[in-house]
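S.K.: need the 3D shape of this:
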Amino acid sequence: MLKNNILRTISVVFCLVLAIHSFGKDFTIKILRNEWGSDVKFYMSPMKPGAEYKSKALKPVADNQYSAEIPLSPNGLYRLVAVRNDAQLFTVVYYPCEQKNEIVEVDIVKGALRVEDCNENIMLADYTAVSSDNGRALWNTSSFDNEKFYGILRNYIQAADSLLASGEAAPVVKEYIKLWAYTSAYNGMHSAVRVAKGEKKQLLFSGSDVLGDYGNLFDCKMATLFQETNMIIAEELPIDTVLIAKFDCLYSKYTNKDVLESVSASLISKFMARHDFSNDFEGGLAQLQAVVEKYNLNNTYITEYEKRRATIKGAPFPAEVVLRDADGNVVDFSKFRGKYVYIDMWASWCVPCVKEAPMLQKLEKELKNPDVVFVSISIDKKEDAWKAKMKELNMHGHQLIDKENRLYQALNPRGVPFFAIYDKEGRLYMHDAPRPSMGIGVKEMLEGLK
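M.R.: Predicted structure coming up:
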């Protein structure tokens, strides 16, 4: 019995060790040829559908060798980046999960980062070069030319097809390159539209001309690696229809669970960002409830929508918002009861906000209405940045911060700077109020509040 218990304990411990160990893979980068010379830094990250991983720096362990444990990629794909000063090179590499330790032999030659230890990595390096060359060709085009742009965009797909037909590789790598080609062409198409519009020239080809018939290419988990997937699929759906019609079309065309979850989240996020909560709160809620119920979506979407009730005129200041002053003290919004509160929501990194600040302070100084109080609320995540910008701009008066961005989420602005007015009872008087830079009419409006 004792022996069995000991063996069982050892087995459990061994399984735990394996489980912990399975979260990462040890990589050692070994530079073979290096045209860049010294001072190269390497970063690596796993490519995991539906998740973002920050790149991890590999530390020098010997001459021309760098090492680190990188979180496992379930598909064996990793992004490898080399950095020197302001220059950056990248490639995608393939190392399946089975092996724990990997020695990655790298060349930095002819302005490219290459790994050539297997067919998969040669193919990935070759397509990285195609992508980079096409990107430079688009960027360096001095004027818009329909034939030239179309040729570059089609080359993304044609080069991938040629490359995939020329050699053997793991299916996951071939699938990734195929998706990479179509999403790159899609991105390039949007660049072509912007350039043509900027030069006031007619675009003689469409996205469907460039992409052609891609069938069910995006109906796979791998597609969620690419942020363009949601946009490509969204463009297939009916325009200017109720939300349920878009979802009916989505679910009739796609079956992959990960893709459906990703696109659903994107559609609902866009719906809430654009919906007029003030004038049609209940109607929007009914649309969302119908979608959530029919397609068994997470009820958090309803919860998030309900939070936007704060955008309706007469709604009380959101109770969940925690405001703090520069000393870290919590400031209860109720302290402003009895006054109209002209709120400026801003951020230290926001250029338009910084430009608006002097005009806001001038307005506050010149306003003669004692029934109006000015309150600036930063959405900065870092207090140091907020305090430094306040000092730089010599901002005075009620300066508060909402690090959790709860007020921003509740009022659902399209961006900052954003202005709103609350009445003497602490209820929303005006959502998306005019900015100080809009002129004398703003001052006259505030002077008239009694």
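S.K.: contacts for the helix or strand where residue 260 lies, please.
M.R.: Using DSSP states H and E, residue 260 falls within helix 257-274. By Cβ atoms under 8 Å, 6 or more residues apart in numbering, the residues outside helix 257-274 that reach it are 49-50, 218-221, 223-224, 229-230, 233-234, 237, 243, 246-247, 250-251, 254, 284, 287-288, 291, 295, 297, 301, 304-305, 308, 412, 414. Heads up, the C-betas are built off the backbone N, CA and C, glycines and all.
S.K.: repeat for stretch 118-127
M.R.: 91-94, 112-116, 159-160, 163-164, 167-170, 173, 176-177, 180-181.
S.K.: show me what counts as buried in the lengthiest helix in the chain.
M.R.: When the chain is parsed with DSSP state H, its longest helix is helix 171-198. Neighbour-count burial for helix 171-198 flags 172-189, 191-192, 195-196 (criterion: 16 or more other Cβ atoms under 10 Å).
S.K.: thinking again about what came up before, among the contacts of stretch 118-127, which are located in strands?
M.R.: 91, 92, 93, 94, 112, 113, 114, 115 (DSSP state E).
S.K.: is it correct that the last one is in contact with residue 108?
M.R.: No: using Cβ atoms under 8 Å as the test, residue 115 is too far from residue 108 to be in contact (10.8 Å).
S.K.: those two: who's more crowded?
M.R.: Taking neighbours as other Cβ atoms under 10 Å, residue 115 and residue 108 compare with residue 115 leading, 23 against 19.
S.K.: residues contacting the more buried one?
M.R.: So residue 115 contacts 80, 91, 93, 104, 105, 106, 107, 121, 124, 125 (Cβ under 8 Å, 6+ apart).
S.K.: can you tell me how far the third one is from residue 65?
M.R.: By that I understand residue 93. 16 Å (Cβ to Cβ, to the nearest Å).
S.K.: the closest residue to residue 83 other than its chain neighbours: neighbour count?
M.R.: Nearest residue to residue 83, sequence neighbours excluded (Cβ to Cβ, 6 or more residues apart in numbering): residue 41, at 4.7 Å. Using other Cβ under 10 Å, residue 41 has 15 other residues around it.
S.K.: kindly report the same for residue 369.
M.R.: Residues near residue 369, counting by other Cβ under 10 Å: 15.
S.K.: what do you get for residue 112?
M.R.: 18.
S.K.: quick check: mean pLDDT across stretch 161-171?
M.R.: Averaging pLDDT along stretch 161-171 yields 95.
S.K.: so residue 418 makes contact with residue 345?
M.R.: Yes: counting by Cβ under 8 Å, residue 418 does reach residue 345; the two are 4.3 Å apart.
S.K.: next secondary structure after the longest helix of the chain?
M.R.: Immediately after helix 171-198, counting by DSSP H and E, sits helix 207-211.
S.K.: this protein: helices as residue ranges?
M.R.: Using DSSP H, helices in the chain cover 2-21, 119-140, 146-166, 171-198, 207-211, 228-234, 243-253, 257-274, 277-294, 300-307, 351-366, 383-393, 406-411, 440-447.
S.K.: show me the contact partners of the last one.
M.R.: The one in question is helix 440-447. 340, 342, 363, 366, 367, 368, 369, 372, 434, 435, 436.
S.K.: please report how far the fifth one lies from residue 353.
M.R.: Meaning residue 367. Distance from residue 367 to residue 353, by Cβ to Cβ: 20 Å.
S.K.: more neighbours, these two?
M.R.: When neighbours are counted by other Cβ under 10 Å, residue 367 and residue 353 differ, and residue 353 comes out ahead with 23 against 17.
S.K.: mind listing what the more buried one touches?
M.R.: Contacts of residue 353 by Cβ under 8 Å, 6+ apart are 346, 347, 416, 417.
S.K.: farthest pair in these?
M.R.: 347 and 417 (8.5 Å; Cβ to Cβ).
S.K.: okay, the most centrally placed residue in the chain and residue 234: tell me how far apart.
M.R.: Among the residues of the chain, the one closest to the centroid is residue 227, at 8.2 Å (Cα atoms, centre = their mean). To residue 234, residue 227 is 12 Å away according to Cβ to Cβ.
S.K.: repeat that for residue 72.
M.R.: 31 Å.
S.K.: okay, these two: which has more neighbours?
M.R.: Higher neighbour count among residue 72 and residue 234: residue 72, with 18 against 15, using other Cβ under 10 Å.
S.K.: of the contacts of helix 440-447, which is the most crowded?
M.R.: The most crowded member of those, judged by other Cβ under 10 Å, is residue 342 (27 neighbours).
S.K.: quick one, what contacts residue 359?
M.R.: Contacts of residue 359 by Cβ under 8 Å, 6+ apart are 435, 436, 437.
S.K.: tell me the confidence at it?
M.R.: 96.
S.K.: quick check: longest strand of the chain.
M.R.: The chain, longest strand under DSSP E: strand 24-34.
S.K.: quick one: mean pLDDT over stretch 41-59.
M.R.: Mean predicted confidence for stretch 41-59 is 86.
S.K.: residues of that stretch that come out buried?
M.R.: 42, 43, 44, 45, 46, 47, 48, 49, 55, 56, 58.
S.K.: also stretch 204-224?
M.R.: 207, 210, 211, 214, 217, 218, 220, 221, 222, 223, 224.
S.K.: for this protein, give me the ranges with low pLDDT.
M.R.: Across the chain, the ranges flagged by pLDDT under 70 are 1-22, 50-53.
S.K.: quick one, domains of it?
M.R.: 23-117, 237-312, 323-447 (automatic domain parsing).
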